[in-house]
Structure formats: C-alpha cells, structure tokens
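J.: Just to be clear, the model below is a prediction. Sequence and coordinates:
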Amino acid sequence: MPLDAICMTALSRELSAALSGAKVEKIQQPTKGEAVFSLRGERPLRLYFGAGGGAAKMYLSAAEPAAAPEPPMFCMLLRKHLVGARVRAVTQPEGERILRFEFDAPGLFGAGERPGLTAELMGRYANLILTDGEGVILDCLRRVGGADERRMVLPGLRYRLPPSPEKLRLSDGEAIAAAFAAAPEGAELAKWLTSGVAGLSPLTARELAWRACGDAGVLCGAAKSAAGRLAEELSKLAALVSAGAFEPWLILTPEGEPFDFSYMPILQYGPGYGLARRESFSALLEEFYRRRDDEDRARQRTADLRRVVKAKRERTARRVEAQKQELAGTAGRDRLRECGDLIMSNLYSMRKGQTELRAQDYYAPEGGERVIRLDPLKTPQQNAAKYYKDYNRAKSAETHLTEQLEKGGEELDYLDSVLEELDRAETPRDAAAVRRELEEAGYLREAKGRRGKTPQEPFLRFRSTSGTEFRAGKNNAQNDQLTLRQSRKTDVWLHVQKLHGSHVVVSCEGGEPDARTLAEAASVAAYCSDGRNAGKVPVDYTLVKNVKKPSGAMPGRVIYTDYKTIFAAPDAALAEKLRLR
C-alpha cells in the first residue's frame with residue numbers, strides 16, 4: 001500500500017519522538033530522487049527520503065547510504081540552511097500525506113533562523129520543499145510550474161498545501177452511514193469507501209469490507225444488509241486512530257516475501273499470507289521498500305545488458321528458424337540423384353533441346369513413369385551433372401546445417417542462462433561479472449580502461465542447519481570455476497534438472513552429506529534457478545568427479561553421469577536464513 005494519511009500519522013508520531021532536538025550533521029543526495037539526513041540526538045540517526053519508482057517513502061534508516069556523487073544545487077542549499085540546525089518539531093497536516101519539519105538554525109552572523117522542510121509523500125508527485133521562516137519556498141526537489149493550474153511550487157512563492165478533495169471524516173459515523181445508504185448498489189464497497197472517506201487507502205477499505213461482509217470485493221448493494229457491521233468496523237478504526245494505537249504490521253506472501261504493510265493486522269488474504277509485527281514503522285518501511293528498491297536498482301543496473309542479450313537472442317532465434325526451414329528443404333535430395341540416374345540410363349533416346357524426359361521410374365515401388373525437367377540449353381549429360389551437383393550440394397548443406405543448428409541451440413541455451421543470471425544479480429559487482437562474461441564470450445567489446453585480470457568474485461556461501469557448508473555460483477563463469485577448479489572430486493554437486501541455474505557444491509570432505517543438508521542444498525539450487533517461482537522441481541545430484549565440460553562448450557555448460565534426483569521446493573526465506581555474509 002502507499003503511505004496513507006493514517007499510516008503517516010503513526011510515522012509522524014514516531015519521528016517526532018525520535019528527532020525532536022536532534023542536530024543535523026550531514027546531508028547527502030545519493031540520487032536525484034533521494035535525500036539522506038544524518039542527525040545526532042541521544043544517538044546517531046539517519047532520516048531517509050525517497051521518491052523513486054512511483055513510491056514515496058520516509059523513515060529512520062539503519063543502512064549506510066550509497067556513495068553520493070557531486071552534490072546537486074538543491075543538496076547544497078539544504079546543507080547551507082539545515083546543517084547545524086536542530087529539529088524543533090515534526091508535524092502532519094490533518095488528513096494529509098505530508099510531514100513538516102521545523103528547525104532552529106544559528107543563521108548568519110549569529111542571527112537565529114527557523115527554516116522548514118516539507119516532505120510531500122504522494123506517490124509519483126512526491127516532493128521535498130525547503131522554506132524560510134516565513135513559509136516562502138527557497139527551492140524544492142521537483143519544481144511544479146504553470147502547467148498545473150491548481151498549484152505552483154517554485155522558489156519565491158509562499159508554500160501552500162495541495163488541494164484536498166471533499167471527503168467525510170472517519171469520525172463522522174452518522175454522515176458516512178447516511179451516504180452509504182444512498183450509495184449506488186453496483187459500486188464496489190472498497191472503492192466507494194476510498195473515494196468518500198478521508199484517510200482510507202485501498203488496502204484498508206478492502207479490509208473493512210472483508211471484516212464487515214466477509215468479501216473484500218463486495219458491492220454496495222449486497223453490503224447494505226451488513227450496514228450495522230460496517231458502521232461498527234468504521235467506529236473501531238476511528239477509535240484506533242483517535243487513541244493512536246497503531247501497530248507496524250508486515251504482510252508476507254506464502255513464500256515469505258514482503259507483500260504489503262499496514263498499521264493494523266490485515267486478515268483479508270486468509271491463512272496463506274503471514275503477518276509479522278515489527279518494532280517500529282521505520283523498521284517496517286525500510287524492510288518493505290529496501291527489498292523493492294534493491295530489485296528496482298538491480299533491474300536498472302542490468303537493463304542495458306538485458307537489452308543486448310535479448311537482441312542477440314532474437315537474432316540467433318531468427319537465424320536458427322531460417323536454418324531449420326533450409327534443412328527441411330534438403331529432405332528431397334535423394335530424388336535429385338534419382339533424376340540424374342534416370343537421365344544417364346536414357347541417354348540413348350535423348351537429344352539436346354529437350355525440355356523434359358519421360359522415363360520409366362524404376363525407383364518407385366509400383367513402377368510408373370517419371371517426368372524430369374530438363375534445361376534445353378544443356379546436353380543430356382550436362383542435365384544429369386546438374387542434378388548430381390544439386391544432390392551433393394543438398395547433402396553437404398544437411399551436414400553443415402545440422403552442425404549449425406546444434407551450435408545455434410547451444411547459443412540460445414547460453415543466452416537464456418545469461419538472462420537468468422541477470423535476474424539474480426544483486427549488486428553492481430554481480431552485473432559487472434556478467435558483463436565480463438559476455439565480453440569474454442565475444443558478445444560485447446571489452447570496456448576501455450580495464451587492464452589486468454579482474455579479481456575473482458566470491459561464491460554464494462551457505463551453511464546447512466546441521467552445520468555443513470555449501471557454495472553456489474552466481475553466473476556461468478563462477479559455475480565453471482566452482483565445479484571444475486574449486487571443488488574436491490568427492491564433493492556433492494547439485495543442479496536443477498533441465499533448467500538454467502547455479503551449480504551448488506556441498507563440501508563433504510570425503511563423506512556424504514546428511515539428508516537435511518542435501519534437502520536444503522537442493523532447495524537453494526531450486527531457488528537459484530529458472531524454477532524459483534515454481535512448485536517443487538527436480539534437482540539432480542552426483543559427485544563432482546562425474547561432472548565434465550565438453551570440449552568447446554559455452555560457459556556454464558557441463559554434462560554429468562551417475563546421478564540421482566530429488567524434488568525440492570524453492571524457498572527464498574530458507575536461502576536467506578542459511579546464507580553466510
């Protein structure tokens with residue numbers, strides 16, 4: 001869910017308690033849509049603002065900010081007015097997704113100043129606005145010009161709140177009940193609540209509908225029989241907000257991934273989805289958005305590489321398809337040789353200038369006559385030679401095309417494996433490793449300025465519940481390195497069957513892994529593969545000594561023998577739990 005007004009109220013109270021009196025020591029702007037404020041109160045604090053990916057967020061962060069480039073002008077202005085200032089108050093305009101930070105600053109020549117910072121956390125319209133003590137805008141992260149007739153946010157203008165739609169307040173129970181009685185019966189109750197009652201997000205509105213009627217998507221007409229229960233749920237929510245009894249709840253998918261968040265337990269998704277309470281709203285928001293932002297950054301880092309690989313794959317696929325059609329055209333080559341033989345056996349009756357030969361077809365099981373086209377400008381012997389030549393050309397083409405199709409299939413398989421690697425890239429170094437692999441394979445030119453051998457990236461390392469360590473490759477080059485050079489012959493090797501993914505090697509030191517370790521390593525192998533979003537997938541395992549790399553094979557491609565197969569479910573939570581950092 002986005003940060004709705006009620007969730008913002010909970011966050012505002014939390015930030016007010018933590019930041020009041022804290023001194024601003026440092027301001028960074030890692031990217032165009034981010035700002036990080038380092039403060040010192042009773043302890044060091046870090047306030048993060050982000051407006052990327054269509055989601056606006058602000059919270060106290062425990063993570064170190066990314067290295068910041070040359071600070072932009074807005075960052076320099078923030079430093080000028082806020083570094084050294086102390087937070088006087090953190091407030092939220094009633095019902096708005098806005099946080100206001102008021103500061104006491106020493107100012108120039110010892111004269112006190114009271115600058116303000118307003119964080120508008122409204123999705124893709126998110127903004128950070130610096131004002132002076134009189135409320136005049138000094139500058140902002142995103143300037144809004146004359147194209148927006150309702151509101152302008154520009155330096156020199158007085159800051160004004162965004163226009164708010166006319167909605168009923170959550171505490172106006174009687175007014176909501178009267179409006180609901182007149183609501184269109186075909187309207188969805190959750191959407192009606194969102195559009196008519198201030199502060200309700202779509203998630204909260206669906207939860208109210210579910211609690212009142214047992215159906216999050218119920219229509220107003222069907223819900224009117226439960227108007228009393230709906231009024232009761234609205235009254236409970238109003239009391240919760242009035243008392244400030246907010247709780248930071250994270251909603252988890254059946255796979256344990258963060259799905260959404262709220263200030264109260266969300267029950268509408270049923271037993272398949274989990275709930276996890278966090279210690280604070282900042283911890284909740286950081287966990288939820290960090291995973292999403294990491295995925296967005298990974299996609300951005302690999303976007304160029306993905307376009308190159310996809311374009312190459314499309315060209316290769318078109319070439320393979322054309323070769324298949326050409327190979328299909330060689331299927332009738334034996335008939336060309338037969339035509340040459342029939343011409344040679346009927347030379348006595350032929351003469352130059354004929355356009356066709358009608359001869360007994362002694363190749364056909366039932367006999368009969370075959371009509372053979374001739375070039376009238378050629379002699380009979382030359383026509384026969386032409387058929388033999390076409391036959392030999394088709395025969396050679398079949399051999400050549402078969403070889404090319406095999407190579408094309410291997411290339412497509414390799415490019416698919418690279419796309420899978422890019423899906424799993426977690427850091428810029430992972431993306432850089434894939435780029436180096438493509439350079440070494442000849443798909444990209446080597447980056448200018450790179451000299452010497454690139455240091456080997458560390459493998460993914462895990463420790464099973466029973467204490468056995470195992471490793472996994474992040475990409476094809478690492479798979480080759482791990483399996484063929486960095487493992488004992490007696491270690492156990494695992495790979496998901498007939499899918500692209502990591503090579504996983506269990507360090508057995510001459511023994512055999514216990515059943516628990518084998519099952520957990522197989523689950524990790526399934527998760528680090530194309531089958532990560534599937535149910536149970538087959539995972540093959542064998543000793544490393546049974547794994548070989550064919551001569552001239554593409555990176556990451558191996559063959560193996562004497563293997564067994566187990567079925568394992570990809571488990572992201574288990575992989576994260578077992579992973580060694």
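T.: Perfect, thanks for sending it. Numbering: from 1, shown residues only.
J.: For R532, give me its contacts.
T.: Residues in contact with R532 (C-beta atoms under 8 Å, 6 or more residues apart in numbering) are A526, P570, A572. Backbone N, C-alpha and C define where each C-beta goes, glycine included.
J.: my read: the first one touches V537, true?
T.: I take that to be A526. Yes - contact status for A526 versus V537: in contact at 5.0 Å, counting by C-beta atoms under 8 Å.
J.: Report the distance from the lowest-mean-pLDDT helix or strand in the chain to the chain centre.
T.: Every helix and strand of the chain was ranked by mean pLDDT, DSSP states H and E. The lowest is helix 428-440, at a mean of 80. Offset of helix 428-440 from its chain centre (C-alpha atoms, centre = their mean, to the nearest Å): 18 Å.
J.: if we can go back for a sec, just the buried subset of the contacts of R532, please.
T.: Those of the contacts of R532 that meet the buried threshold are A526, P570, by 16 or more other C-beta atoms under 10 Å.
J.: Narrow the contacts of R532 to those in helices?
T.: Residues of these located in helices (DSSP state H): A526, A572.
J.: which of the contacts of R532 lies closest to R88?
T.: Relative to R88, the closest of the contacts of R532 is A572; by C-beta to C-beta it sits at 43.5 Å.
J.: From A183, how far out is the closest one?
T.: Distance of A572 to A183, computed by C-beta to C-beta, to the nearest Å: 42 Å.
J.: Let me see the mean pLDDT of stretch 402-411.
T.: Averaged across stretch 402-411, pLDDT comes to 86.
J.: in that stretch, what counts as buried?
T.: Quick answer for stretch 402-411 (16+ other C-beta under 10 Å): Q404, L405, G408, E411.
J.: repeat for stretch 542-551
T.: T542, L543, V544, V547.
J.: Next up, phi/psi of the last one, please.
T.: Just to be clear, that refers to V547. phi -110, psi 120 (degrees, to the nearest 10).
J.: Return the residues in contact with it.
T.: T483, L484, W493, V558, I559, Y560.
J.: tally of neighbours for the second one?
T.: Translated: L484. 14 (other C-beta atoms under 10 Å).
J.: Then the first one?
T.: When neighbours are counted by other C-beta under 10 Å, T483 registers 23.
J.: Check the gap between it and T468 for me.
T.: With C-beta to C-beta as the criterion, T483 and T468 are 18 Å apart.
J.: Repeat that for the third one.
T.: Going from W493 to T468 by C-beta to C-beta gives 14 Å.
J.: Neighbour count: the two, which is higher?
T.: More crowded of W493 and T468, by other C-beta under 10 Å: W493, with 24 against 21.
J.: from the middle of its chain, how far away would the strand or helix carrying that one be?
T.: In this assignment (DSSP states H and E), W493 forms part of strand 492-496. Taking C-alpha atoms, centre = their mean, one finds the center of strand 492-496 at 25 Å from the center of the full chain.
J.: could you say what helices and strands it packs with?
T.: strand 504-506, helix 515-527, strand 537-543 (3 or more C-beta pairs under 8 Å, 6 or more residues apart in numbering; DSSP states H and E).
J.: so of those, which one's packed in deepest?
T.: strand 504-506 (a mean of 27; mean count of other C-beta atoms under 10 Å).
J.: what's in contact with that one?
T.: Contacts to strand 504-506, defined as C-beta under 8 Å, 6+ apart, come from residues 468, 470-472, 482-483, 486-487, 491-495, 513, 517-518, 521-522, 524-525, 528, 544.
J.: Which of the helices and strands packed on strand 492-496 sits closest to L154?
T.: helix 515-527 (49.6 Å).
J.: Rounded mean pLDDT for the closest one, please.
T.: 93.
J.: for the chain, which spans come out with low pLDDT?
T.: The chain contains residues with pLDDT under 70 at 1-2, 52-54, 66-68, 107-111, 146-150, 294-299, 301, 427-428, 447-456.
J.: what are the ranges of the helices in it?
T.: Under DSSP H, the chain gives helices at 5-19, 73-82, 173-181, 189-196, 202-213, 220-223, 227-243, 281-328, 333-345, 380-424, 428-440, 476-484, 515-527, 572-578.
J.: Which among those helices is found nearest to A62?
T.: With C-beta to C-beta as the measure, helix 281-328 is the member of the helices of the chain nearest A62 (6.8 Å).
J.: Which strands or helices does that closest one pack on?
T.: Using 3+ C-beta pairs under 8 Å, 6+ apart: helix 281-328 touches helix 5-19, strand 44-50, strand 57-60, strand 249-252, strand 258-262, helix 380-424, helix 428-440.
J.: how about a cut-off of 6 Å?
T.: Under the contact criterion of 3 or more C-beta pairs under 6 Å, 6 or more residues apart in numbering; DSSP states H and E, helix 281-328 touches helix 5-19, strand 57-60, strand 258-262, helix 380-424, helix 428-440.
J.: helices and strands around the last one, which ones?
T.: When contacts are defined as 3+ C-beta pairs under 6 Å, 6+ apart, helix 428-440 sits against helix 281-328.
J.: same thing with the shortest one?
T.: Secondary structure elements in contact with strand 57-60, counted by 3+ C-beta pairs under 6 Å, 6+ apart, are strand 44-50, helix 281-328.
J.: Go through those and pick out the most buried.
T.: strand 44-50 (a mean of 20).
J.: show me what contacts R333?
T.: By C-beta atoms under 6 Å, 6 or more residues apart in numbering, the contact list for R333 reads Y391, A394, K395.
J.: among those, who's most crowded?
T.: Y391 (21 neighbours).
J.: measure that residue to V309 for me?
T.: Distance, Y391 to V309, by C-beta to C-beta: 40 Å.
J.: R358: neighbour count?
T.: So R358, with other C-beta under 10 Å, has 12 neighbours.
J.: So what pairs up with it in the strands?
T.: V371 (DSSP bridges).
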